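Peer 1: this one's structure only:
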DNA sequence: AGACGGTGTCCCGATTGATGGAACGAGGCG
DNA sequence: CGCCTCGTTCCATCAATCGGGACACCGTCT
């Protein structure tokens, strides 16, 4: 039974329990035991045992009226332990803040996880009122790497094997007016980024959304993250975006890399 | 019979697996299998099975050099699913932002979890440069309720049973110059808050830290959260804090409660 | 009222998945 | 070099998990 599949040496119970936790999200914040058991193909008894365990530990809370369950505050602890254990964040934060202050724009920091970028930090433009370009882009949010400036900035500098794997697993769906949908065109785009050091996103993710991004390297030289600066199309043209903010973005990324201990190869 | 044990109907494996996840934090970001097995009193094999499961699912990542493990980006998903499933956040966010803009101060939103408050949202003062009062108070951070303005604002309006339980479980340790360490004095303080509608923290948590907070009620009338406005002692006196910002704080909290569907009792 | 289909919860015997000792290879250190 | 500790894998044993079944509870429909 355990023969062929790759499940040797793993715990079924833990996997199922976490599957229950991940069943909850913004769209489905309240789930009942039966609902969960159906979704994960478990018996009601089994689902209930996991739910009871999670509730006992504070990861789930039972709603008094509906008897259904919701995520508890305890799960926040995990996420923020993860954030805090990245010293990248600590190092990058002041630079991000300065960049945001200087430019009066929203800047973000993200890492690559599989084929997606994950937002790690975010500084909103100090001045409110300007058009909010929110696709629900809070810290922790995920976007496909192939159609974001930060994703491309990172992928331009990963190893060939890793890039091949990401491209292999990526579904190049057009999400914006200018989304790159051809893997070969995408590779050429990365090549350009590799020489310029700056990645652009000109409405590739969504209509009206423009951003520029630069990669951040660790002390060992490998790319570990990217930062971007995002604006709405009505605010500034692509050329102006690059001309006015490109140098500040690449320089901030460069400074963070230096602080991480990265010694650049000669230009 | 089933009362004392508490372990009936729960999953040992899941509990252990989650214990492994929670072993990671900012202070201990990298842990090895042996280290974990010792800390949780498991065999190395067992610990490894859990770790392998967590790694397979993306909750842990193995460091290539040290072979030890760190939290993976996947755990962020959980935390932010929790945040996003609170419609409180969606409703409160614009009010918090407005309050922060108007007052040019940092404002926070928190809920109660057991004896602690958990930060749910945070708007920093738009103008940087003013003294940063950071006790690592990011979203997700926890503080004891008894020595924070938000904690007191919430506890002043919870049911008598819940309050008794919290007080019972609270260790009244002096953390600042004015920390309330006597449960009876604490109860009187809550009584005052109940009539004034405003909770104050005058260096009860830490030297120099002052804040005022007001409770937020749900449609059913029960208290579900609190918001605060925090300043450093050098910036403003306690009286001035209450006089200048008190009305804005209570009004913002009130407006959020109204948006949540709360119909106030006549003043 | 009564029957019904749904829920969450609890119990218990069968069995399946978890357990941990042992062993291996890889490093690190003196 | 020996010695230790690490992560990892294997496997026979066994205990923890499993799921059917039963219960109480809730609306809804007949």
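Peer 2: Ah, there it is. Since we're looking at a predicted model, the values are computed, not measured.

Peer 1: For the stretch 1-150 of chain A, which segments count as strands?
Peer 2: Taking DSSP state E, counting those that start in this stretch as the criterion, the stretch 1-150 of chain A contains strands spanning A:60-62, A:69-71, A:106-113, A:116-123, A:142-144.

Peer 1: who does the last one touch, helix- and strand-wise?
Peer 2: Just to be clear, that refers to strand A:142-144. Based on contacts counted as 3 or more Cβ pairs under 8 Å, 6 or more residues apart in numbering or on different chains; DSSP states H and E, the elements that strand A:142-144 packs against are strand A:116-123. (C-beta placed from N, C-alpha, C; glycine too.)

Peer 1: partners of the strand it packs on in the sheet?
Peer 2: Strand pairing for strand A:116-123, using DSSP bridges, gives strand A:106-113 (antiparallel), strand A:142-144 (antiparallel).

Peer 1: Quick one: residues in contact with it.
Peer 2: Outside of strand A:116-123, the residues that reach it under the criterion Cβ atoms under 8 Å, 6 or more residues apart in numbering or on different chains are A:83, A:86, A:88-89, A:92-93, A:96-97, A:99-100, A:106-112, A:137-145, A:148, A:150-151, A:154, A:225-226, B:73, B:76.

Peer 1: Return the distance of it from the chain's centre.
Peer 2: On the basis of Cα atoms, centre = their mean, to the nearest Å, the separation between the geometric centre of strand A:116-123 and that of its chain is 5 Å.

Peer 1: got the buried residues for that strand?
Peer 2: By neighbour count with 16 or more other Cβ atoms under 10 Å in any protein chain shown, strand A:116-123 contains the buried residues A:116-123.

Peer 1: Quick check: of those, which lies closest to chain B?
Peer 2: Taking Cβ to the nearest Cβ as the measure, chain B lies nearest residue A:118 of the buried residues of strand A:116-123, at 4.6 Å.

Peer 1: OK, contacts around the residue nearest to that closest one when sequence neighbours are not counted?
Peer 2: Across the structure, with Cβ to Cβ, 6 or more residues apart in numbering or on different chains as the measure, the residue nearest residue A:118 apart from its sequence neighbours is residue B:73 (4.6 Å). Residues counted as contacts of residue B:73 (Cβ under 8 Å, 6+ apart) are A:82, A:111, A:113, A:118, B:58.

Peer 1: picking up where we left off before, just the buried subset of the contacts of strand A:116-123, please.
Peer 2: Among the contacts of strand A:116-123, those that count as buried by neighbour count (16+ other Cβ under 10 Å) are A:83, A:86, A:88-89, A:92, A:96-97, A:99-100, A:106-112, A:137, A:139-145, A:148, A:150-151, A:154, A:225-226, B:73, B:76.

Peer 1: Looking at the stretch 101-250 of chain A, which residue is nearest DNA strand C?
Peer 2: Going by Cβ to the nearest atom of the strand, DNA strand C is nearest to residue A:220 of the stretch 101-250 of chain A, at 15.1 Å.

Peer 1: Now that residue: which helix or strand?
Peer 2: Secondary-structure assignment from DSSP states H and E places residue A:220 in no helical or strand segment.

Peer 1: cool, and the one 5 residues further on?
Peer 2: With secondary structure defined by DSSP H and E, residue A:225 is part of strand A:223-232.

Peer 1: What's the first helix or strand after that strand?
Peer 2: helix A:238-259.

Peer 1: List the buried residues of that following helix.
Peer 2: The neighbour-count criterion (16+ other Cβ under 10 Å) identifies A:238, A:241-242, A:244-246, A:248-250, A:252-257, A:259 as the buried residues of helix A:238-259.

Peer 1: Are there helices or strands packed against that helix, and which ones?
Peer 2: Contacting helix A:238-259 under the criterion 3+ Cβ pairs under 8 Å, 6+ apart are the following elements: helix A:87-103, strand A:199-202, strand A:209-217, strand A:223-232.

Peer 1: Check which helices and strands the second one is in contact with.
Peer 2: For strand A:199-202, the packing partners by 3+ Cβ pairs under 8 Å, 6+ apart come out as helix A:149-155, strand A:209-217, helix A:238-259.

Peer 1: Specify the angle between the longest one and strand A:106-113 in degrees.
Peer 2: In other words, helix A:238-259. Computed with axes from the mean of the first three to the mean of the last three Cα atoms, to 10 degrees, the direction of helix A:238-259 lies at 60 degrees from that of strand A:106-113.

Peer 1: Distance from helix A:238-259 to the middle of the chain?
Peer 2: For helix A:238-259, the distance to the chain centre is 20 Å (Cα atoms, centre = their mean).

Peer 1: cool, and the first one?
Peer 2: Taking Cα atoms, centre = their mean, the mean C-alpha location of helix A:149-155 is offset from the chain mean by 11 Å.

Peer 1: quick one, what contacts whichever residue of the stretch 1-150 of chain A sits closest to DNA strand C?
Peer 2: Distance from DNA strand C to each residue of the stretch 1-150 of chain A (Cβ to the nearest atom of the strand) is smallest for residue A:32, at 2.2 Å. Shown here is residue A:32, whose contacts under the criterion Cβ under 8 Å, 6+ apart are A:66-69.

Peer 1: now do residue A:202
Peer 2: Applying Cβ under 8 Å, 6+ apart, the residues contacting residue A:202 are A:178, A:210, A:238.

Peer 1: Let me have these in TSV, adding distance to DNA strand C and pLDDT as columns.
Peer 2: TSV is the format used below for the contacts of residue A:202 (distance: Cβ to the nearest atom of the strand, whole Å; pLDDT from 0 to 100):
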residue	distance to DNA strand C	pLDDT
A:178	45	94
A:210	45	93
A:238	48	93
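
Peer 1: ok, of those, which one's closest to chain B?
Peer 2: Of all the contacts of residue A:202, residue A:210 has the smallest distance to chain B: 24.0 Å, by Cβ to the nearest Cβ.

Peer 1: Where does pLDDT dip in the stretch 151-267 of chain A?
Peer 2: Within the stretch 151-267 of chain A, the stretches with pLDDT under 70 are A:264-267.

Peer 1: In the stretch 51-200 of chain A, what residue lies closest to DNA strand D?
Peer 2: Here the stretch 51-200 of chain A gets closest to DNA strand D at one residue, residue A:53, 8.4 Å apart by Cβ to the nearest atom of the strand.
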